[in-house]
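**Q** no FASTA, just this:
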């Protein structure tokens, strides 16, 4: 029996060209190994949390000592924006900015949104890597100074080299796949949490000893703008006379603490079951961590570090905070070293987050035909989209080299695209409330109905705030505006040109996943990478996969594997065997089927294994596959042409023809409405109704006294009755027994028919 399998998550190499036919064809794609909400939160926090190491100091540079209040407000706004992302994910599993904006407002604005977003993703990696390098180089130079070693590392150049090394390292981790990179992110967060707890406790102790001096509230009279804080608004009186404008300017210079939302949408594909609930948990964990760490550090720095020296720690605010805590100097120096090590690790983790997010965004664009399918071709060994990763990391490395490790050059251009992408996302979700008003698993809170029309007040207010910040940033951040608009227009032009070059081929099959193919010899648990007692799910076409959805609702795939099998019927050759070339066995039909099956599995947050088998007889192929895989159950969709009872009878006859050894199988038939009918193949204990149990017990009571003192059990009666029936079937009473059995079956059917109206 020829067959092709899709194994998840491992991916074998592509076969050499000389293989023209095969018994097994293995097909693999960049399928997911699902992760917990803790790991998902860790991936996002490696980006969002890393901003705690510089966001407060940069905001204070622009708007003075009121900066911590703006950082706190941005953290709360980030949680509100997170609600928009959760709602979009409830509509689309692959629900990043591009997909949502396209569904709501069309392809042109979607390409603009993703072009702007890519600008910040390309910058996030370098700015985080360079910042990590600055922390590390600063610590090394201090150590050399204390040790009286006459060595001073060039700060910017050394930071750039470190950023390059970190970027290449996380490129390789992502080539190997998300389980590896999310594991690293989680370990980084473990160490960071230890540092955060120590910092918070020590800072509270310091304030209890020295007294608490809360930063001034963000009134106009308390805002102190730097010379480069107002941009083109510096020539007007608005920042000094209109309180709302002043607040928006302060928020605009603090938005670099607000990132990671789009990465959360991309990581949503990898979150395990129950997906949406786990996404909400991840969002809440991110909120708590960012409030305590990012906002907390901003407040502690202003309250503890003296005003006269705080500016000297603008590139290392947590390090400066460590030096001004209450306690012995050697202990503070040691803690500062720990802060630098943790900061280096976390900022390096943000490099990974930028790669993960960029990869996810460009995958969505490629799936829609904006980029050629060539970009999504899976890695031969790991099944990841390595060509997109190569493109993203190449642009990031070029950015590091061109900036020469200057953090201020990178920082001035940051946060343009991310704010515009957030605003476009909010507008798109708002439009979809009316364009696609169907039921959602999650909605942004604060919705009221007036005359039967839903008014999404919460969603509208969040979107309005994002648009207002975008407009203010457009006029106050000159470098970000000029460089961001230029980059966005270039990327937009590239996307538009690529879409036209890709042409009709892309539009016809744009959203199909790509697969690696490899020839094999047999279908076994080892071939598929599954355990014994798996569930075999039969798939006819991509429109009738309700049996797969039903099985995934019931099965814990961490304990029991699910294999989806599609049969391709062929004619036997003269020798009675058949062999097909890979392209004959794996066609567009299988590609559509596999893509749809993967979408269902992603939505359920569960892992599946897919196979396509060449066959001449339906039940022979199904049962041979189940026996070879040592599956315990087979799940099928109810046939529109043949009754379930007839299908089961044919399956039973086919099972009897199998060569020994053969094991028992359970057949489950699922209708489109989710109803399940179960049958068994092979010897098995019958399901006895209450009527049959009462009949058996009554006979046992009647005969127990007759055979005393011998002990009689219920199974003795069953055994005796079966032997008597078998004896009667071998003599002249056979015809009478068969006739009686038919009358019994007719009575049972009549009872079932009479029971239907009552049940309905």
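**A** Received, thanks. Not measured: the values here are computed from a predicted model.
**Q** per-residue pLDDT, residue 17?
**A** Residue-level confidence at residue 17 comes out at 35, pLDDT.
**Q** again but with residue 699, I slipped
**A** Reported pLDDT for residue 699: 91.
**Q** Quick one: low-confidence residue ranges for the stretch 651-760 of the chain.
**A** For the stretch 651-760 of the chain, residues meeting the criterion pLDDT under 70 lie at 684, 752, 755-760.
**Q** Spell out, range by range, the strands that occur in it.
**A** For the stretch 651-760 of the chain, applying DSSP state E, counting those that start in this stretch gives strands covering 665-670, 676-681.
**Q** As CSV, those with distance to residue 201 and mean neighbour count would be great.
**A** C-beta: built from backbone N, CA, C; applies to glycine. Formatted as CSV, those follow (distance: least, Cβ to Cβ, whole Å; neighbours: other Cβ atoms under 10 Å):
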stretch, distance to residue 201, mean neighbour count
strand 665-670, 55, 20
strand 676-681, 55, 16
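**Q** With distance to residue 363 added, can I get those in TSV?
**A** Shown next, in TSV, are the strands of the stretch 651-760 of the chain (distance: least, Cβ to Cβ, whole Å):
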stretch	distance to residue 363
strand 665-670	31
strand 676-681	36
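**Q** Could you say which one of these comes nearest to residue 254?
**A** When those are compared by Cβ to Cβ, strand 665-670 sits nearest residue 254, at 52.5 Å.
**Q** residues making contact with that closest one?
**A** Contact with strand 665-670 is made by 546-547, 550-551, 623, 626, 631-638, 644, 647-648, 651, 655, 676-682, as judged by Cβ atoms under 8 Å, 6 or more residues apart in numbering.
**Q** Among these, the buried ones, what's the PyMOL command?
**A** A single PyMOL command suffices to select whichever of the contacts of strand 665-670 are buried according to 16 or more other Cβ atoms under 10 Å:
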select buried, resi 546+547+550+551+623+626+631+632+633+634+635+636+637+638+647+648+651+655+679+680+681
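**Q** need the strands for this structure, in chain order.
**A** Secondary structure of the chain (DSSP state E): strands at 3-6, 24-28, 447-450, 453-456, 516-520, 535-538, 562-569, 609-615, 633-637, 665-670, 676-681.
**Q** So which bits of the longest one are buried?
**A** Residues of strand 562-569 classed as buried under the neighbour-count rule (16+ other Cβ under 10 Å) are 562-568.
**Q** for the third one, same thing?
**A** Buried residues in strand 447-450, counting neighbours by 16+ other Cβ under 10 Å, are absent.
**Q** now what about that strand, what contacts it?
**A** By Cβ under 8 Å, 6+ apart, the surrounding residues in contact with strand 447-450 are 454-459.
**Q** which among those end up buried?
**A** If we count by 16+ other Cβ under 10 Å, the contacts of strand 447-450 have these buried: 456, 458-459.
**Q** Residue 164 and residue 398 touch, don't they?
**A** No: with contacts counted by Cβ atoms under 8 Å, residue 164 stays clear of residue 398, the gap being 10.5 Å.
**Q** Quick check, pLDDT for residue 547.
**A** 92.
**Q** tell me the contacts of it?
**A** Contacts of residue 547 by Cβ under 8 Å, 6+ apart are 537-539, 635-637, 668-670.
**Q** okay, those in CSV with distance to residue 231 next?
**A** Compiled in CSV, the contacts of residue 547 are given as follows (distance: Cβ to Cβ, whole Å):
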residue, distance to residue 231
537, 59
538, 63
539, 58
635, 62
636, 65
637, 61
668, 65
669, 67
670, 61
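**Q** what's the closest of these to residue 413?
**A** Using Cβ to Cβ, the contacts of residue 547 come closest to residue 413 at residue 539, 48.8 Å.
**Q** Kindly tell me how buried that closest one is, as a neighbour count.
**A** Applying other Cβ atoms under 10 Å, we find 24 residues neighbouring residue 539.
**Q** Over to residue 233?
**A** Residue 233 has 17 nearby residues by other Cβ under 10 Å.
**Q** Let the chain start at 43 from now.
**A** Got it, first residue is 43 now, which makes that one residue 275.
**Q** Skip the chain neighbours and tell me the closest residue to it.
**A** Spatial nearest neighbour of residue 275, excluding adjacent residues (Cβ to Cβ, 6 or more residues apart in numbering): residue 517 at 5.1 Å.
**Q** what does residue 345 give?
**A** residue 255 (5.6 Å).
**Q** right, and residue 657 touches residue 607 too?
**A** No: the pair residue 657 / residue 607 is not scored as a contact, 9.7 Å apart, by Cβ under 8 Å.
**Q** Report the contact partners of the residue nearest to residue 275.
**A** Counting by Cβ under 8 Å, 6+ apart, residue 517 has contacts 273-275, 523.
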